[in-house]
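Chemist: sharing a model prediction with you, sequence too.
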Amino acid sequence: MPTTDLFEPIASESVVDLVTGQIESMIIQGVLREGMRLPSERELSERFDVSRPKVRDALKRLEGQGLVNVRHGDGTFVAKLTGEAMSPALIDLYARHGQAFYDYLEYRREQEAFAARAAALRATRSDKDAIEALIGELDQAHRDHDDDASARADLKFHGAVVNASHNAMLIHMMTSIYDLTRRGLFYNRKYLRAVDGTGDMLLDQHHRIAEAVLAGDPDRAEAAAREHLTFVETSFREGTARERREDFAQKRRIASSLP
């Protein structure tokens, strides 16, 4: 029977160990993520079916390990567990050196190709439902010509595929990478859509990734993810080159009018 709750009742002598272990496991697997608020001691006691003092001891242990922050009167929150993918100084440095952007895309291409392959092999029904729902969001945003909604759904879609890989390390690392994208660093989807023209090709590529994952076809899923990021890179290179040509064309026109 599939679980209907995040937490499972515990029947064992090592109650504190098992409560701690369940929460640790959910943090490792990316179910509980940094900043998320845990249920209250009373709720956890009921869900684990153990006494509140045992829950309190488990939370104290987790706090001592640096995994949660207990804010009295406010609740218990998953601690910040991953550093920034890049420091502000490094981001500024990369912004001044365009090649870094293509390194970022290369990194994403390899990681997301692996994620799509793993997702095709490992995705659960819940994973597939999430991917299908996000394809629906992408379709709706496309019909509405809503660039902001498209950008949000785009990132959530890629995150859902990564989640479906069930690789805990990949989930945590890509969450940090996607945060850079969410903050508008390296990747401007509105610019990419302008290069694409209508955004139809981007939407079609997301559909192909989703269809391959849902069909459980790892080769097709990997190829679709790789093709998508290659398209993104090629589009940016072509768009940047076109802008550069236009800039020099305007400069030549201005120069030719000088006395």
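Modeler: Nice, I can see it.
Chemist: looking at it, L170 is touching A116, isn't it?
Modeler: No. Using Cβ atoms under 8 Å, L170 is not in contact with A116, being 11.2 Å away. To be clear about C-beta, it is placed using only N, CA and C from the backbone, and glycine gets the same treatment.
Chemist: more neighbours, those two?
Modeler: A116 (29 against 18; other Cβ atoms under 10 Å).
Chemist: over to L202. Which of the three states is it?
Modeler: helix (DSSP: H, G, I helix; E, B strand; the rest coil).
Chemist: mind listing the helices for the chain?
Modeler: In the chain, helices defined by DSSP state H lie at 15-28, 41-48, 52-64, 88-95, 99-122, 125-144, 147-164, 168-182, 189-196, 200-215, 218-256, listed in chain order.
Chemist: looking at those helices, which has the lowest confidence?
Modeler: With a mean of 60, helix 189-196 has the lowest mean pLDDT of those.
Chemist: want to try JSON lines for the helices of the chain, with distance to D74 as columns?
Modeler: Converted to JSON lines, the helices of the chain look like this (distance: least, Cβ to Cβ, whole Å):
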{"stretch": "helix 15-28", "distance to D74": "18"}
{"stretch": "helix 41-48", "distance to D74": "13"}
{"stretch": "helix 52-64", "distance to D74": "13"}
{"stretch": "helix 88-95", "distance to D74": "28"}
{"stretch": "helix 99-122", "distance to D74": "35"}
{"stretch": "helix 125-144", "distance to D74": "29"}
{"stretch": "helix 147-164", "distance to D74": "27"}
{"stretch": "helix 168-182", "distance to D74": "24"}
{"stretch": "helix 189-196", "distance to D74": "35"}
{"stretch": "helix 200-215", "distance to D74": "39"}
{"stretch": "helix 218-256", "distance to D74": "40"}
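Chemist: out of those, the one nearest F77 is which?
Modeler: Of all the helices of the chain, helix 52-64 sits nearest to F77, with 10.3 Å by Cβ to Cβ.
Chemist: that closest one versus helix 15-28: what angle between them?
Modeler: 50 degrees (axes from the mean of the first three to the mean of the last three Cα atoms, to 10 degrees).
Chemist: and helix 52-64, what does it pack onto?
Modeler: helix 15-28, helix 41-48, strand 68-71 (3 or more Cβ pairs under 8 Å, 6 or more residues apart in numbering; DSSP states H and E).
Chemist: out of these, nearest to Y102?
Modeler: Among the helices and strands packed on helix 52-64, if distance is taken as Cβ to Cβ, the winner is helix 15-28, at 32.1 Å.
Chemist: would you indicate which residues of that closest one are buried?
Modeler: Buried residues in helix 15-28, counting neighbours by 16 or more other Cβ atoms under 10 Å, are found at 15-16, 18-20, 22-24, 26-27.
Chemist: relative to G35, how far out is the residue minimising distance to the centre of the chain?
Modeler: Geometric centre of the chain, nearest residue: G159, 3.3 Å, by Cα atoms, centre = their mean. Here G159 is placed at a distance of 15 Å from G35 (Cβ to Cβ, to the nearest Å).
Chemist: could you pull up the residues touching A153?
Modeler: Shown in contact with A153 (Cβ atoms under 8 Å, 6 or more residues apart in numbering): 134, 137-138, 141.
Chemist: at 10 Å instead, please
Modeler: Shown in contact with A153 (Cβ atoms under 10 Å, 6 or more residues apart in numbering): 133-142, 146, 206.
Chemist: that one - nearest residue in space that isn't next to it in sequence?
Modeler: Spatially, and ignoring its direct neighbours in sequence, A153 is nearest to E137 (4.0 Å; Cβ to Cβ, 6 or more residues apart in numbering).
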